[in-house]
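Student: Provided below are the primary sequence and the corresponding predicted coordinates.
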Amino acid sequence: MQIRLATCDDLAALMDLMRRIVPLMRAEGNLQWDDTYPNDAVFQRDIDLKQLWVAAEDDRIAGVAAITMDQESDYLQVGWDIHEPAIVVHRLAVDPASRGLGVAGALMQKAEEVALDRGITVLRVDTNTQNEATQRLFPKLGYLLAGEIGLEFRPGLRFFCYEKRLLLS
């Protein structure tokens with residue numbers, strides 16, 4: 001598996017990936033994503049900002065994650081200082097055919113590498129309270145649950161916030 005920056009050539013495959021993932025999420029009661037989010041404009045912005053990473057296997061996208069410094073103002077609800085530099089993972093998704101193969105863990109490891117390359121010691125991520133897979137994954141990777149919030153741009157949903165602090169060597 002190769003973790004690499006996404007390119008414009010990946011956009012169609014990413015949208016196809018969303019068409020496979022979103023119905024499964026919704027069937028599991030996870031309403032975090034829908035037909036309008038994430039969309040091609042969101043992914044195109046991530047690509048343009050060079051913050052969208054893909055896990056590629058045999059010329060197929062097995063997973064995706066936006067590794068950003070974008071912190072929601074709603075993070076204040078858990079007491080986070082959103083002015084403190086942090087790497088924040090958004091739009092983490094794994095192809096259903098690649099579940100259980102370590103794709104999400106590899107993308108989260110890339111987030112740590114990006115953080116260390118930039119001299120940043122704080123990593124943050126949020127996930128829908130109905131997303132049991134990420135709630136199992138993040139603690140295994142050393143993330144601590146910081147609390148639960150609502151996000152203004154996703155009204156009616158609740159999200160768990162996780163944080164990990166790294167040591168610079």
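Tutor: That came through, no problem.

Student: which residue, other than its chain neighbours, is closest to residue 33?
Tutor: Closest residue to residue 33 in three dimensions, ignoring its sequence neighbours and counting by CB to CB, 6 or more residues apart in numbering: residue 22, at 5.1 Å. C-beta here means a position set from N, CA and C on the backbone, and glycine is covered the same way.

Student: roughly how far does that neighbour sit from residue 166?
Tutor: Counting by CB to CB, to the nearest Å, the separation of residue 22 from residue 166 is 32 Å.

Student: wait, is residue 56 part of a strand?
Tutor: Yes: according to DSSP: H, G, I helix; E, B strand; the rest coil, the state of residue 56 is that of a strand.

Student: residues contacting it?
Tutor: Residues counted as contacts of residue 56 (CB atoms under 8 Å, 6 or more residues apart in numbering) are 1, 2, 3, 4, 62.

Student: what subset of the residues you listed is buried?
Tutor: Buried by 16 or more other CB atoms under 10 Å: 3, 62, out of those.

Student: take the contacts of residue 56 and keep only those in strands.
Tutor: Secondary-structure check on the contacts of residue 56 using DSSP state E: residues within strands are 2, 3, 4, 62.

Student: pick out the most distant pair among those.
Tutor: Greatest spatial distance among those (CB to CB): 4 and 62, at 11.7 Å.

Student: number of residues surrounding the nearest residue to residue 38 once chain neighbours are set aside?
Tutor: Using CB to CB, 6+ apart and skipping residues adjacent in sequence, the residue nearest residue 38 is residue 91, 5.3 Å away. The local packing of residue 91 (other CB atoms under 10 Å) involves 19 other residues.

Student: which ones are touching residue 91?
Tutor: Applying CB under 8 Å, 6+ apart, one finds that residue 91 lies in contact with 38, 42, 43, 46, 52, 64, 65, 66.

Student: so it lies in a strand, does it not?
Tutor: Yes: secondary structure of residue 91, determined by three-state DSSP: located in a strand.

Student: compare residue 22 and residue 166 and say which is more crowded by neighbours.
Tutor: Taking neighbours as other CB under 10 Å, residue 22 and residue 166 compare with residue 22 leading, 19 against 14.

Student: which element is that one on?
Tutor: Secondary structure assigned from DSSP states H and E places residue 22 in helix 11-27.

Student: which is the succeeding secondary structure element to that helix?
Tutor: On the C-terminal side of helix 11-27, the nearest following helix or strand under DSSP H and E is helix 40-48.

Student: which secondary structure elements does that following helix contact?
Tutor: helix 11-27, strand 60-68, strand 87-94 (3 or more CB pairs under 8 Å, 6 or more residues apart in numbering; DSSP states H and E).
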